[in-house]
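Peer 1: Predicted model and sequence follow; I will ask about them next.
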Amino acid sequence: MGETLAGNVIYRNVYEFVQDLLGEEWSWVAYAAAGMAIILLVTNAVMLIGTLYTWFERRLLGRFQGRLGPNRAGPFGVLQPIADAIKLISKEDIIALGADRIVFTLAPVVMLAPTLLVLAVIPFGAGSWVADLNVAVLYIAAVSGISTIAVMMAGYASPNSFSLFGSMRAVAMLVSYEVPLVMALLGVTVLAQSMSLVSIVEAQALPFLLVTPLGALIFLAAVSAELNRAPFDVTEAESELVAGYMTEYSGMKYGVFMLAEFTNTVVAGAIFAVLFLQGWKWPILPSHVWFLLKVAGFVFVAIWVRATLPRYRLDQILAVAWKYLFPLSLINVLLLAAEVIVWPEPGAAELGIMSAINWAVTIPAAVLWSKVVSLRTAPPVAAAFSTEGR
Amino acid sequence: MTMRTEPVVVNVGPHHPSTHGVFRMKLTFDGENILDAEPVIGYLHRGTEKLAEERQYTQVITLTDRLDYVASMTNNQAYVLSCERLVGIEPPERGKYLRVIAAELQRIASHLIGVGFFLQELGVFGGTALMYAFRERERILDMFEMLCGARITLSYMRIGGVLQDAPEEFWPALRSFLNDMPGYADELQALVFDSEIVRSRAIGVAPVSAEDAIAASFTGPILRASGVEWDWRKAAPYDVYDRVEFDVPTCEGGDNYDRFWVRMLEVRQSLRIIEQCCEQIEPGPVRTTMAMLFRPPPGESYVPIEAPKGELGFYLVSDGTIAPYRCHVRSPSFMSLTLFREMLVGWKLADAIVTLGSLDFNMGEVDR
C-alpha cells in the first residue's frame, strides 16, 4: 500500500512533517496520519462530487422535462445542494414513536459506509489510488452488498408499512441482482486475468465496453438495480411507497441517505469507467480529467434513463434478473472464458478479434432471448380473490 | 414448506402522492398482493349541493367550478344547460359554439392531465410525460384566461350563453394550438404508449368487461375503454354537437392501457370538433339578455352532458323561488369508484396505483 502512495506529494509531506515532529521511532504514527490525510481527501472529494451531482441531476432532469431546474442559489444554481444541506441540518431530527431507535439511527451510517469503502480501491488517475488491492473486484462485490443490510435496517426500524414494503422489495431485488452483477464482474476478471482494478485498466488495450458489450449491458442493468435507479427503483417508488424505506426519516438522517444514494451513483460511474472504459487512460487530457469525464458520461446516461423510463413491477424486475440477465451473463462468461483459453495474453489485435466475435454472438443472443422471455402481465391467480376475513 | 403469512392492512392516503387529492384506500396485503380493498371518501366534502340550495341560480355557477377542478368548463356547461331547460330559454348560436369550443378545450386539458399522470404513476422520476402534458395544458389555460380572465375556476358559461365574446387574440392562439397539438399528441404517444415497459405494465391489468362497466354505471372514457360506444354528445346532443362530425373511439380490453389509450384518441376527436366549430361559427350575440335574479317556474330538469370523465348532470328542482329547491350532482368520478374493490383485488400494489390513475377520478367531484 505504501509503495503506490510513495509518489503522492501530500502523503510524503504529511509523513515527513509528522516524523520530523515526533522523531524516527514514531514513524507508525506518521504513516497512519499520512494515510488518514489521503483518506480524508478522497472521501471528501468524492462526497463533494456526489453533492454537486445532485445539482447536475436536477438541472438535467429539468432540461429533459422542459423546465428550468434549480437556478436561484449561485451561478446556474450550483449552490443549491449547499442550501439543501443547510435546510436539512436545521430541520428537527425526528425519530418516530415505536421506532427501534438504535437501528433507526445506525441505518444511514451503514448506508454510507459501503460507498466510502469502495473508494479505497478505485484508481482515480494514473498512479493515484488509495490501495491497489489484488482482490479489488471481489472486495467491491462484497462491500457493496452491505447497503442491502442498511435498507433492511431502515425499513425494519421504522414503524411504517411503507418502509417495510420498501425494504422487503429492496432485499428481494438486491439479492437477485447480486448474481448478474457478480457474473458481469467475473467476465471482466476473466478477460483481464486479474481482480486488481489497476491491472484491469492496464489490460484494456481496447475498452472492455467494445470487447464485451453484453457484459457492460448486464453490469449497467444490475448496477441500476443495486442503486435503486430507474427502471428498477421500486424500493423508493414515490408513487407507490411515498419514499420507501426512507419514509420516516427527516433532517440530516434523510440527508445522509440521499448523499449515499447520489454518491453511490458517482461511485458506480467510477467502477464502470474502470471496468469498461479504460479507466484513466485516453490521450491529450490529464488522466484525472478523463476519469471525471467518463464518470460524468455514465452519470448523464443514468439521468437520461431516469427521466425517460417508467419502473417495472417487482415481479417483473425479478423476472428480468433471473430469466433474462442471469442466462445471458452465463453465456457472456462462457464465451469470454473460451476466448481467453485461445488467446491467453490478449493484446489490442486479439481483443479486436474477441470484440468482433462477442458483438456477433452475444448481442443477437440478447435480442433473441428478449423475444423468448415475456414480461407481460398474467391475470392474478384465482386464490388471490379470496374474500376471507372481510 | 409453506410459510405462514399474515395479511397487513395499509392505509394508502389520504396523504399519499398518488391518490388524486385526499382519497384513502384501505388495502389488505399479503406481501405485495392485494387481498381486499376499501375506498374511504369524504375528506374533501364541502357540501356543494347544500350550498347551491342557499344561493341564487347564477351564483351556483361559481360553486360548480370547484367540483372537478381540472375541468371547470364542462361543470359550468352541465349546470347552465340544466338551468336553461328549467327556465326555458335558448342561448344564441355564437354562444353555443363558444361553449363547445371551450368545453372541448377543457376535455383536452383534462385528458392531458390524466394521460400525463399515467407515466408519473408508472414511476418516471418527476413524471416527464406529466411535464410535457402540462406544457400543452398551459396553452389551453392561457386561452381560457383570454376568454374569461381565470385559468382554473373559470365560471365562463352563463345561463343563456357565455360571459363574453372571445377577444381577437383568442382565435390566432386557438389556431396555433390546433396546428401544434397533433404533433404533441404523437410525441406523448411515442413516449408513453409505445414504451415496452408501459405496455408490459399496463396491458391486461385490471380489465373490466363491458357488462361489468355498464352494471357499475361507468360512463365516459372508462366505459368506452371496455368497448361500449356511448357518448352523450351523440346520444342526446346538446349545444351544437349535432352539427359537428366526430367519432366515438372505443377500445376492446378495458384494461389500464386501454383506459388511457381511449383518452388519447378522444383528444384527437376533440381537435376535430374544435376545427369544425371554428369554421361554422358566425358573428352575433353570445348571450341572451335576461335578469340576473330570476324565478324559474316550479319544475325539475336534468341535462346529462359528456364531461371529460363521463356523464355529468345537475338535477335541479325549482319551487318558484330565486334559489334551487334541490340541486343534485350526478358526478362521473363518484361512479368510477363503484368497481374499486373488484378491480384491485388480486393485483399488486404497483398495479393498484396505476388502476386508480386510469379511472382518472377527481376528489372534488367525488365528495362534492
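Peer 2: Cool, got the structure. Numbering: from 1, shown residues only, chains lettered A, B, ... in the order given.

Peer 1: going forward, measure contacts between C-alpha atoms and count neighbours the same way
Peer 2: Will do.

Peer 1: Could you tell me which ranges of the chain sit under the pLDDT cut-off?
Peer 2: Let's take chain A. Filtered on pLDDT under 70, chain A yields the residue ranges A:1-8, A:235, A:237-239, A:376-390.

Peer 1: Correction: the question concerned chain B.
Peer 2: Residue ranges of chain B with pLDDT under 70: B:1, B:125-126.

Peer 1: Residue numbers of it in contact with chain A?
Peer 2: Residues of chain B found near chain A (CA under 8 Å from any CA of the partner chain) are B:10, B:16-18, B:32-36, B:119-129, B:131-132, B:135, B:191, B:197-205, B:345-347, B:349-351, B:353.

Peer 1: pull the longest helix from chain A.
Peer 2: As assigned by DSSP state H, the longest helix anywhere in chain A is helix A:27-64.

Peer 1: after that helix comes which helix or strand?
Peer 2: From helix A:27-64 onward toward the C-terminus, using DSSP states H and E, the following helix or strand is helix A:80-90.

Peer 1: Go ahead and name everything in contact with that following helix.
Peer 2: Outside helix A:80-90, the residues that touch it by CA atoms under 8 Å, 6 or more residues apart in numbering or on different chains are A:51-52, A:54-55, A:70-74, A:250-252, A:254-255.

Peer 1: now do stretch A:317-329
Peer 2: The set of residues external to stretch A:317-329 that reach it, using CA under 8 Å, 6+ apart, is A:172-173, A:176-177, A:179-180, A:183-184, A:214-215, A:218, A:222, A:232, A:362, A:365-366, A:369-370, A:373, A:375.

Peer 1: just the buried members of the residues of chain B next to chain A?
Peer 2: With neighbours counted by 16 or more other CA atoms under 10 Å in any protein chain shown, these contain buried members at B:16-18, B:32-36, B:119-129, B:131-132, B:135, B:191, B:197-205, B:345-347, B:349-351, B:353.

Peer 1: out of those residues, which are inside helices?
Peer 2: Among these, the members found in helices (DSSP H) are B:119-122, B:128-129, B:131-132, B:135, B:197-202, B:349-351, B:353.

Peer 1: Could you look up the SS state of residue 10?
Peer 2: Here I'm looking at chain A. helix (DSSP: H, G, I helix; E, B strand; the rest coil).

Peer 1: ah, I was thinking of chain B
Peer 2: Under three-state DSSP, residue B:10 falls in the strand class.

Peer 1: Give me the nearest residue to it, chain neighbours excluded.
Peer 2: In space, not counting the residues next to it along the chain, residue B:10 is nearest to residue B:27; the distance is 5.3 Å by CA to CA, 6 or more residues apart in numbering or on different chains.

Peer 1: Doesn't the one you found lie inside a helix?
Peer 2: No: according to three-state DSSP, residue B:27 belongs to no helix; its state is strand.

Peer 1: Specify the beta-bridge partners of it.
Peer 2: residue B:10, residue B:37 (DSSP bridges).

Peer 1: how about it, what does it touch?
Peer 2: With contact taken as CA under 8 Å, 6+ apart, residue B:27 is in contact with B:9-12, B:34-38.

Peer 1: Turn the residues you listed into a markdown table, columns for distance to residue A:294.
Peer 2: Shown next, in a markdown table, are the contacts of residue B:27 (distance: CA to CA, whole Å):
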| residue | distance to residue A:294 |
| --- | --- |
| B:9 | 47 |
| B:10 | 44 |
| B:11 | 45 |
| B:12 | 42 |
| B:34 | 44 |
| B:35 | 48 |
| B:36 | 49 |
| B:37 | 48 |
| B:38 | 50 |
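
Peer 1: Mind telling me which residue of the stretch 151-300 of chain B is nearest chain A?
Peer 2: Across the stretch 151-300 of chain B, no residue is closer to chain A than residue B:200, which sits at 4.6 Å (CA to the nearest CA).

Peer 1: Quick check: the gap between that residue and residue A:74.
Peer 2: Look at residue B:200 and residue A:74: by CA to CA, to the nearest Å, they are 43 Å apart.

Peer 1: do the same with residue A:326
Peer 2: Looking at residue A:326 against residue A:74, where the rule is CA to CA, the gap reads 46 Å.

Peer 1: So between those two, which is more surrounded?
Peer 2: residue A:326 (21 against 11; other CA atoms under 10 Å in any protein chain shown).

Peer 1: got the contact list for stretch B:231-244?
Peer 2: The set of residues external to stretch B:231-244 that reach it, using CA under 8 Å, 6+ apart, is B:96-97, B:99-100, B:220, B:248, B:273, B:276-277, B:304-306, B:311.

Peer 1: What is the nearest of those to residue A:32?
Peer 2: Distance ranking of the contacts of stretch B:231-244 against residue A:32, using CA to CA, places residue B:220 first at 72.6 Å.
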